[in-house]
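what's the 3D shape of this:
(2 chains)
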Amino acid sequence: EADIYQTPRYLVIGTGKKITLECSQTMGHDKMYWYQQDPGMELHLIHYSYGVNSTEKGDLSSESTVSRIRTEHFPLTLESARPSHTSQYLCASSDQGPGANVLTFGAGSRLTVL
Amino acid sequence: GNSVTQMEGPVTLSEEAFLTINCTYTATGYPSLFWYVQYPGEGLQLLLKATKADDKGSNKGFEATYRKETTSFHLEKGSVQVSDSAVYFCALPAYSRTGNQFYFGTGTSLTVIP
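Next comes the predicted model:
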């Protein structure tokens, strides 16, 4: 059973709107990640965090921003959505220590910008 | 740096056929290796892993052996079912200055027909 939750699962919005994709995990994991998954299925890391008040950009440049004010919560925000932001966004988390190499994923948020 | 190269799909098999999805890796040291699976409309979930050379990971009838000499971690299943239809990702961690991230292969889509 998933312990990491993403909302909304599906979102269709117009260009220029501000959107926030929510991600919450109940496992107490310090590390959290946002991946963008393109239609070809490939995953690209766009943001990650190693704990509260820690955020870093990933390998793929993204106009989105993230925050980590609480351990369990890692929202992603787009200030002004564009059609090029249409994609699936996957949130994940991992533990420290022996569990550090195992990622737990949310079900994803599929964003369509018209 | 670390990377994975994964067999391209899509792959279509008849039920009860034998499955192999190839994955080779380039890594510094001997990292753990993983296979993740993504069922339609869901996020990724860990399928199996191997933590050192010659280890065999197994789960749900799937197996993969960590082969140091050929730098491979091929996924196999002796008899696939329709319910195995999904996208499969090979992955390994990439240890960076700020901690570990993950490299994913490009994904291989499997469709099993009755």
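
For stretch A:13-23, buried residues please.
Neighbour-count burial for stretch A:13-23, counted by 16 or more other C-beta atoms under 10 Å in any protein chain shown, picks out A:13, A:19, A:21, A:23. Any C-beta I mention is one placed from the backbone N, CA and C, and that applies to glycine too.

Give me every residue in chain B lying close to chain A.
B:31-32, B:34, B:36, B:38, B:41-46, B:49, B:87, B:89, B:93, B:98-102, B:104, B:106-107, B:109 (C-beta under 8 Å from any C-beta of the partner chain).

Would you mind measuring the gap between the ends of stretch A:73-92?
Criterion C-alpha to C-alpha, to the nearest Å; first-to-last residue distance in stretch A:73-92 is 11 Å.

hmm, it in reach of chain B?
Yes: using C-beta under 8 Å from any C-beta, stretch A:73-92 comes into contact with chain B via A:90-92.

among the helices and strands of chain B, which one scores worst on average pLDDT?
Least confident helix or strand of chain B, by mean pLDDT, DSSP states H and E, is strand B:99-104 with a mean of 75.

Please report how far the nearest residue to residue A:103 once chain neighbours are set aside lies from residue B:45.
When the adjacent residues along the chain are set aside, residue A:103 lies closest to residue A:92, with 4.5 Å between them (C-beta to C-beta, 6 or more residues apart in numbering or on different chains). To residue B:45, residue A:92 is 11 Å away according to C-beta to C-beta, to the nearest Å.

So residue B:83: helix, strand or coil?
Here residue B:83 is helix, with the state taken from DSSP: H, G, I helix; E, B strand; the rest coil.

so what's the residue lying closest to it once chain neighbours are set aside bridging to?
In space, and not counting its chain neighbours, residue B:83 is closest to residue B:112: 7.8 Å by C-beta to C-beta, 6+ apart. Under DSSP bridges, the beta-bridge partners of residue B:112 are residue B:13.

was I right about residue B:112 contacting residue B:85?
Yes: using C-beta atoms under 8 Å, residue B:112 is in contact with residue B:85, at 5.0 Å.

So these two - more neighbours on which side?
For residue B:112 and residue B:85, the more surrounded residue by other C-beta atoms under 10 Å in any protein chain shown is residue B:112, and the numbers stand at 20 against 16.

Good, wrapping up.
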